[in-house]
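Student: The amino acid sequence is not available; the structure is as follows:
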């Protein structure tokens, strides 16, 4: 019976971390859109937030808009804005501790785009082979 209580506790804390992560994602996106004046971070999208289990650290994943890759300017802009973002986040969310913010480039979109291009090239290659055989 004790084992069941432990597993239920860990799954409920996981759900809380997800809920807090979603809240932080929405608020950080809003703050970046409305309050941050740095042009280096204007054209980014927050794709997700991974919270530590104790909710004291938030790894915020982002991608630049327009298909560009992550440049040093964007990374520096986010790093310089992180203290401001944390202060603004403290005003908007009711948490005991406002988490430390770490930004990380989300390479999954770039990877997905690469897979799409490869599949497209295979499809066109097969179509041209089919036309040659006819």
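Tutor: Ah, there it is. Since we're looking at a predicted model, the values are computed, not measured. Numbers count the residues shown, from 1 in each chain.
Student: Tell me the secondary structure at residue 102.
Tutor: Assigned with DSSP: H, G, I helix; E, B strand; the rest coil, residue 102 falls in the strand class.
Student: repeat for residue 55
Tutor: coil.
Student: give the contact list for the nearest residue to it once chain neighbours are set aside.
Tutor: Closest residue to residue 55 apart from its sequence neighbours, by C-beta to C-beta, 6 or more residues apart in numbering: residue 20 at 5.7 Å. Any C-beta I mention is one placed from the backbone N, CA and C, and that applies to glycine too. By C-beta atoms under 8 Å, 6 or more residues apart in numbering, the contact list for residue 20 reads 51, 55, 95.
Student: Quick check on the residue most central in space within the chain: phi, psi?
Tutor: The residue lying closest to the centre of the chain (C-alpha atoms, centre = their mean) is residue 61, at 2.5 Å. When read as degrees, to the nearest 10, the backbone of residue 61 gives phi -90, psi 140.
Student: Sketch out the low-pLDDT regions of this protein for me.
Tutor: Low-confidence segments of the chain (pLDDT under 70): 1-14, 67-69, 132-134.
Student: gap between the residue nearest to residue 55 and residue 52?
Tutor: Distance, residue 20 to residue 52, by C-beta to C-beta, to the nearest Å: 10 Å.
Student: same check, this time on residue 100
Tutor: 9 Å.
Student: what does residue 104 give?
Tutor: Residue 104 is 13 Å from residue 52, where distance means C-beta to C-beta.
Student: Among those two, which residue is more densely surrounded?
Tutor: residue 104 (15 against 12; other C-beta atoms under 10 Å).
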